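Visitor: Generate a structure from the sequence data that follows.
(one chain, ligands or ions: 2)
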Amino acid sequence: MRHSARSAGSRQAAGSPADPAPSAPGHGRGPAGAPAARAAGLTKVYGRDQTSVTALDSVDITFDRGRFTAIMGPSGSGKSTLMHCLAGLDSVSAGHVYIGDVDLSTLSDKRLTQLRRDRIGFIFQQFNLLPTLSAAENITLPLAIAGRKPDRAWMDAVVAAVGLADRLRHLPSELSGGQQQRVACARALVTRPEIVFADEPTGNLDSRSSAEVLSFLRHSVREFGQTIVMVTHDATAASYSDEVVFLADGRIVDAMPNPTADAVLDRMKHLDAARAGAPAGYHPGIEG
Ligand code: ADP
Ligand code: MG
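Guide: Residues are numbered from 1 along each chain as shown. Ligands and ions are numbered 1, 2, ... in the order given. Below is the predicted model of the structure:
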């Protein structure tokens, strides 16, 4: 994962000496060398004139294949906006977003919908399973919508990895929160997407279920070469990633490879303190 981290007021171009060394090449699928996703000069402004809010301010970031990246930052720092723009769920005000080598701004609405369906996986905080479908039917729904047949061996591998082989006939209401989120993870992976975006995937789970879901996400990166970008405000969740990227006020201000929960908590404390302009207590778990 490469990005240009800069503090407010000091603009550094991508590739400047302040950049960390490029990460090892991913072992995922896709054209060799092409990153899974990339943003260049990504700016997002909500509203206009006096009431406008710059949610993202010229963000440059590259997600290499086969890597697990966590995005952290104080509430309102632009995490969800970044993820939505990267995933083609929201338009950008300036700059470009690429999935593989496709510039999303060049696509019609129809092509963009197809690209999201065929090349991107999503995991949401609220699981978003269809209540009347079984676990198995929920998992294969994206394939059904795309008119594709499940690849049996792949489906079995994913179901085994999420540990749901004996729950496939159950309805979501018959599953625990952790099991439901694991169904949602399997659903995100079953199409073999080039990249999976997860927004607070453990936000509604207890610590044990969170650990199961996060272990699966990391496993899918290590074993399947999956690329994952996860927004989280939880330092423990972030510690499962290969690298944490820190956002503040719509800018990438820092990054931490091979994170530990303690190191992430410490960095977040400093981010919040810098933002408040005075030393301030960080309250893990309090987030907007
Ligand atoms: P985070 O996910 O880090 O909490 P968001 O990306 O949701 O932050 O929001 C970044 C900034 O953009 C915030 O100031 C927020 O109030 C603003 N914002 C987000 N969505 C909208 C919207 N639809 N309309 C207006 N402002 C928005
Ligand atoms: Mg958010």
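Visitor: what about Gln50, how many residues close to it?
Guide: 5 (other C-beta atoms under 10 Å). (C-beta placed from N, C-alpha, C; glycine too.)
Visitor: Tell me if I am right that it is in a strand.
Guide: No: assigned with DSSP: H, G, I helix; E, B strand; the rest coil, Gln50 falls outside any strand and is helix.
Visitor: Tell me how far it lies from ligand 1.
Guide: 13 Å (C-beta to the nearest ligand atom, to the nearest Å).
Visitor: any idea of the pLDDT on that residue?
Guide: pLDDT for Gln50: 86.
Visitor: So it versus Leu265, what's the distance?
Guide: 37 Å (C-beta to C-beta, to the nearest Å).
Visitor: now do Ser176
Guide: 28 Å.
Visitor: These two: which has the busier surroundings?
Guide: Ranked by neighbour count (other C-beta under 10 Å), Ser176 and Leu265 place Leu265 first, with 17 against 14.
Visitor: Hmm, the more buried one is touching Ala235, no?
Guide: Yes: judged on C-beta atoms under 8 Å, Leu265 makes contact with Ala235 at a distance of 4.4 Å.
Visitor: Confirm that Asp156 sits in a helix.
Guide: Yes: assessed with three-state DSSP, Asp156 lies in a helix.
Visitor: Run a quick neighbour tally on His170.
Guide: His170: 16 neighbours (other C-beta under 10 Å).
Visitor: Next up, the contacts around the closest residue to it other than its chain neighbours.
Guide: Nearest residue to His170, sequence neighbours excluded (C-beta to C-beta, 6 or more residues apart in numbering): Ala135, at 5.4 Å. Neighbour list for Ala135: Leu164, Arg167, Leu168, Arg169, His170, Leu171, Pro172, Leu175, Gln179, Val183 [criterion: C-beta atoms under 8 Å, 6 or more residues apart in numbering].
Visitor: So the fourth one sits against Ser134, correct?
Guide: I take that to be Arg169. Yes: contact criterion C-beta under 8 Å: Arg169 and Ser134 qualify, at 5.3 Å.
Visitor: what bridges to Ala40?
Guide: His96 (DSSP bridges).
Visitor: Tell me how many other residues crowd it.
Guide: That count, for Ala40 with other C-beta under 10 Å as the rule, works out to 15.
Visitor: State the distance from it to ligand 1.
Guide: According to C-beta to the nearest ligand atom, Ala40 and ligand 1 sit 19 Å apart.
Visitor: which of the residues in the longest helix that the chain contains are buried?
Guide: In the chain, taking DSSP state H as the definition, the longest helix is helix 207-224. Residues of helix 207-224 classed as buried by neighbour count (16 or more other C-beta atoms under 10 Å): Ser209, Ser210, Ala211, Glu212, Val213, Leu214, Phe216, Leu217, Arg218, Ser220, Val221, Phe224.
Visitor: Now find how far off-centre that helix is within its chain.
Guide: 14 Å (C-alpha atoms, centre = their mean, to the nearest Å).
Visitor: Mind giving me the packing neighbours of it?
Guide: Applying 3 or more C-beta pairs under 8 Å, 6 or more residues apart in numbering; DSSP states H and E, we find helix 207-224 packed against strand 68-72, helix 152-162, helix 177-189, strand 195-199, strand 228-231, helix 235-238.
Visitor: Let's see that with 6 Å instead.
Guide: helix 177-189 (3 or more C-beta pairs under 6 Å, 6 or more residues apart in numbering; DSSP states H and E).
Visitor: And for the helix it packs on, what's in contact with it?
Guide: 121-123, 127, 129, 135, 138-139, 158, 162, 164, 172, 196, 205, 209, 212-213, 216 (C-beta atoms under 6 Å, 6 or more residues apart in numbering).
Visitor: if we go to 7 Å?
Guide: The contact list for helix 177-189 (C-beta atoms under 7 Å, 6 or more residues apart in numbering) reads 121-123, 127-129, 135, 138-139, 141-142, 158-159, 162-164, 167, 172, 175, 196, 201, 204-205, 209, 212-213, 216-217, 220, 226.
Visitor: any idea whether Asp60 is helix, strand or coil?
Guide: Per three-state DSSP, Asp60 ends up strand.
Visitor: in this protein, which helix or strand is least confident?
Guide: strand 2-3 (a mean of 67; mean pLDDT, DSSP states H and E).
Visitor: close to ligand 1, is stretch 236-244?
Guide: No: judged by C-beta under 6 Å from any ligand atom, stretch 236-244 makes no contact with ligand 1; its nearest approach is 13.8 Å.
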